[in-house]
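Asks: please work out how this folds:
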Amino acid sequence: MDIAEFQAYAYLAVVVFMTVALYAYIYHLYKNRKDADGHDYEEYADLALHDDLGDTPVNAKSQEKEK
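Replies: Predicted coordinates:
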């Protein structure tokens, strides 16, 4: 086995490892969408696209002050 063949196998191993790591990270992100308090922040991802004054808010707040 010369150095070129070793580099080819090492490149293949790194590509396979990085692909598996990428899919594992994506699965981890979608599996743990909620934080410790139970908030799902994925609904905020669309906030930058829907930021007009007439759009509905993500979290509706009441106008009355809580005492």
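Asks: where's the one residue sitting closest to the centre of the chain relative to Tyr41, distance?
Replies: Geometric centre of the chain, nearest residue: Leu29, 4.9 Å, by CA atoms, centre = their mean. Distance of Leu29 to Tyr41, computed by CB to CB, to the nearest Å: 11 Å. (Glycine included, C-beta is placed from N, CA and C.)
Asks: contacts for stretch 32-52?
Replies: Stretch 32-52 has contacts (CB atoms under 8 Å, 6 or more residues apart in numbering) with Val58.
Asks: quick one: that stretch to chain centroid distance?
Replies: 11 Å (CA atoms, centre = their mean, to the nearest Å).
Asks: okay, that stretch in CSV with CA atoms only?
Replies: Only the C-alpha atoms of stretch 32-52 are listed here, as CSV (Å, rounded to 0.1, in the frame of the first residue of the first chain):
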residue,chain,number,x,y,z
ASN,A,32,-34.5,18.0,21.3
ARG,A,33,-36.6,20.9,20.0
LYS,A,34,-37.8,22.0,23.4
ASP,A,35,-35.6,23.5,26.0
ALA,A,36,-35.7,22.7,29.7
ASP,A,37,-38.7,25.0,30.3
GLY,A,38,-40.7,23.3,27.5
HIS,A,39,-40.5,26.2,25.1
ASP,A,40,-40.4,25.2,21.4
TYR,A,41,-38.2,27.8,19.7
GLU,A,42,-38.8,26.3,16.3
GLU,A,43,-41.8,28.6,15.9
TYR,A,44,-39.5,31.6,16.1
ALA,A,45,-37.6,30.5,12.9
ASP,A,46,-40.3,32.0,10.7
LEU,A,47,-40.3,35.3,12.6
ALA,A,48,-37.9,37.0,10.2
LEU,A,49,-40.2,36.4,7.2
HIS,A,50,-43.4,37.5,8.9
ASP,A,51,-42.4,40.7,10.6
ASP,A,52,-45.0,43.1,9.3
